[in-house]
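A.B. asks: Quick one, fold the following:
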Amino acid sequence: MKTYIYGLVCPVTAKVKYVGKTTSLKRRFNEHKHNCLVDSKYENKHLMHWWRKLARDGVEPHMVVLEEVSAETWRLAEQKWIAHYGRDSLCNKDDGGIEPPSAKGRPMSDETKKKLSE
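C.D. replies: Numbering: from 1, shown residues only. Okay, the predicted model is just below:
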């Protein structure tokens, strides 16, 4: 299975503001979008506030693939990219290499589904 190290890019500054890992780019983008715009208890407050500010301005980040890696090497690759951009300039909570939380089992309301499709 392909594993991607991706960046969320600010449409205003064109700078990477978050680095993460996924096996499904579209699914992960939609998870971020839901977590930031709908879930008020989202644990990454920095990312949530940044995304919400963009949404108020009528824009949203876009996702870019930084590197395609194996399932065995993604941890080091994610850490490398976070170090490359500098954690102080990112919305990441840590230095990377940690499995992201699972969204499985969390039902989405009709309102959430509508917001994600917009």
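A.B. asks: ok, which stretches of this protein are strands?
C.D. replies: Using DSSP state E, the strands found in the chain span residues 3-9, 16-22, 62-69.
A.B. asks: Contacts for the second one next, please.
C.D. replies: Strand 16-22 is contacted by residues 3-10, 28, 32, 47, 50, 61, 64, 66, 74, 77-78, 81-82, 85, 89-92, 96, 100 when judged by Cβ atoms under 8 Å, 6 or more residues apart in numbering. Where C-beta positions appear, they are placed from N, C-alpha and C, glycine not excepted.
A.B. asks: export it as PDB, just CAs?
C.D. replies: Output of strand 16-22 as PDB, limited to C-alpha atoms (Å, rounded to 0.1, in the frame of the first residue of the first chain):
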ATOM      1  CA  VAL A  16       3.400  24.400   4.100                       C
ATOM      2  CA  LYS A  17       1.600  24.800   7.500                       C
ATOM      3  CA  TYR A  18       1.200  21.100   8.400                       C
ATOM      4  CA  VAL A  19       3.000  17.800   7.600                       C
ATOM      5  CA  GLY A  20       1.300  14.400   7.900                       C
ATOM      6  CA  LYS A  21       1.100  10.900   6.700                       C
ATOM      7  CA  THR A  22      -1.700   9.000   5.000                       C
END
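A.B. asks: contact partners of stretch 66-76?
C.D. replies: By Cβ under 8 Å, 6+ apart, stretch 66-76 touches 1-7, 16, 19, 21, 77, 81, 96-97.
A.B. asks: which of these are buried?
C.D. replies: Buried by 16 or more other Cβ atoms under 10 Å: 3-7, 16, 19, 21, 77, 81, 96, out of the contacts of stretch 66-76.
A.B. asks: picking that back up, now list the buried members of the contacts of strand 16-22.
C.D. replies: Counted by 16+ other Cβ under 10 Å, the contacts of strand 16-22 give 3-10, 28, 32, 47, 50, 61, 66, 74, 77-78, 81-82, 85, 90-92, 96 as buried.
A.B. asks: so who does the most centrally placed residue in the chain touch?
C.D. replies: Note on the chain: the residue nearest the mean C-alpha position is residue 32, at 5.1 Å, using Cα atoms, centre = their mean. The contact partners of residue 32, by Cβ under 8 Å, 6+ apart, come to 8, 18, 47, 51.
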